[in-house]
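structure here, sequence nowhere to be found:
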């Protein structure tokens, strides 16, 4: 229980400090034109600021090869989720999510991004807190593919999302968060054999028809999310098998 609470509080405090306007650290030195950026995990489904795609230098002549080693696990959709993804790609609206759980909606959203189906990915967002345009989202996807082969998305997802089916869903009002752990990397396990992996929290909003949709910034740890996690710390610990 102590581990899960520590993880939650650490992420929450850092995020709240940033949200409240804490002083930003000094900018890193320019890496120079020969150094290539490490892929950003959030780039698969959610940029830090989609209105201002980052271009450090000119993209390489060919996209960078897949930089992620195999995790030994695979992120996959169920047969039903796969069928709904096909509908989303065709219809481009969240009506296809009717009667789906928050976990299934989030999985379909993630898989659309992995495959480069940026229109389907964009259409999964709730309109309530949308902060970008379809054209800007298309541009972001294009920038990502200029830099990295699309296989990197699949490889990274196989580290982050294989355990999402075992996630805990916390709901309050028209909001839900999906709480799960990524696959721990070997270096962390060497330091702590009991390390559970990185904590991930992804948020959804329910529209007026009762359909779950993805928040525009699904990873954002706002005050509501922090409070919801804190209020349910014992439930989280019990769900993931952490001892008291």
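Great, that's in hand. It should be emphasised that the depicted structure is a prediction, and the values quoted were computed from it without experimental measurement. Residues are numbered from 1 along each chain as shown.

and the nearest residue to residue 205 once chain neighbours are set aside, what pLDDT?
Residue nearest to residue 205 in three dimensions, not counting chain neighbours: residue 126, with 4.2 Å by C-beta to C-beta, 6 or more residues apart in numbering. No exception for glycine: its C-beta is placed from N, CA and C like everyone else's. We have a pLDDT of 96 for residue 126.

now do the one 3 residues further on
In the prediction, the pLDDT value recorded for residue 129 is 91.

ok, it - contacts?
205, 215-217 (C-beta atoms under 8 Å, 6 or more residues apart in numbering).

do I have it right that the residue nearest to residue 205 meets residue 216?
Yes: because the distance of 6.9 Å satisfies C-beta atoms under 8 Å, residue 126 is recorded as touching residue 216.

buried residues in the strand or helix carrying residue 140?
Residue 140 belongs to helix 134-147 when assigned by DSSP states H and E. For helix 134-147, burial by neighbour count (16 or more other C-beta atoms under 10 Å) applies to 136-137, 139-141, 143-145, 147.

contacts for whatever helix or strand comes next after that helix?
Following helix 134-147 in sequence order, the next helix or strand is helix 151-160 (DSSP H and E). Under the criterion C-beta under 8 Å, 6+ apart, residues 39, 41, 44, 64, 66-71, 73-75, 110, 113-116, 182-183, 185, 198, 200 lie in contact with helix 151-160.

and the residues you listed, which are buried?
39, 41, 44, 64, 66, 68, 71, 75, 110, 113-114, 182-183, 198, 200.

for the protein, what are the low-confidence residue spans?
1-57, 243-244 (pLDDT under 70).

how about the strands in it?
168-172, 175-181, 199-206, 212-214 (DSSP state E).

for the second one, name the packing helices and strands.
Going back to what we said before, that points to strand 175-181. helix 102-114, strand 168-172, strand 199-206, helix 223-231 (3 or more C-beta pairs under 8 Å, 6 or more residues apart in numbering; DSSP states H and E).

what lines up beside that strand in the sheet?
Strand 175-181 has the following sheet partners, assigned by DSSP bridges: strand 168-172 (antiparallel), strand 199-206 (antiparallel).

identify the residue spatially nearest to residue 218, adjacent ones excluded.
That would be residue 202: by C-beta to C-beta, 6+ apart, it lies 4.3 Å from residue 218.

tell me the spacing between that neighbour and residue 210.
19 Å (C-beta to C-beta, to the nearest Å).

cool, residue 153 as well?
31 Å.

these two: which is more packed in?
residue 153 (25 against 9; other C-beta atoms under 10 Å).

distance of the more buried one from residue 110?
9 Å.

assess the claim that residue 84 and residue 104 are in contact.
Yes: with contact defined as C-beta under 8 Å, residue 84 reaches residue 104; the gap is 7.4 Å.

now for the residue lying closest to residue 130 once chain neighbours are set aside, how many residues are close by?
Once flanking residues are discounted, residue 130 sits nearest to residue 216: 5.2 Å by C-beta to C-beta, 6+ apart. Using other C-beta under 10 Å, residue 216 has 19 other residues around it.

the one 3 residues further on now?
Residue 219 is surrounded by 17 other residues when neighbours are defined as other C-beta under 10 Å.

wait, it touches residue 179, no?
No: at 12.0 Å, residue 219 does not count as touching residue 179 under the criterion of C-beta under 8 Å.
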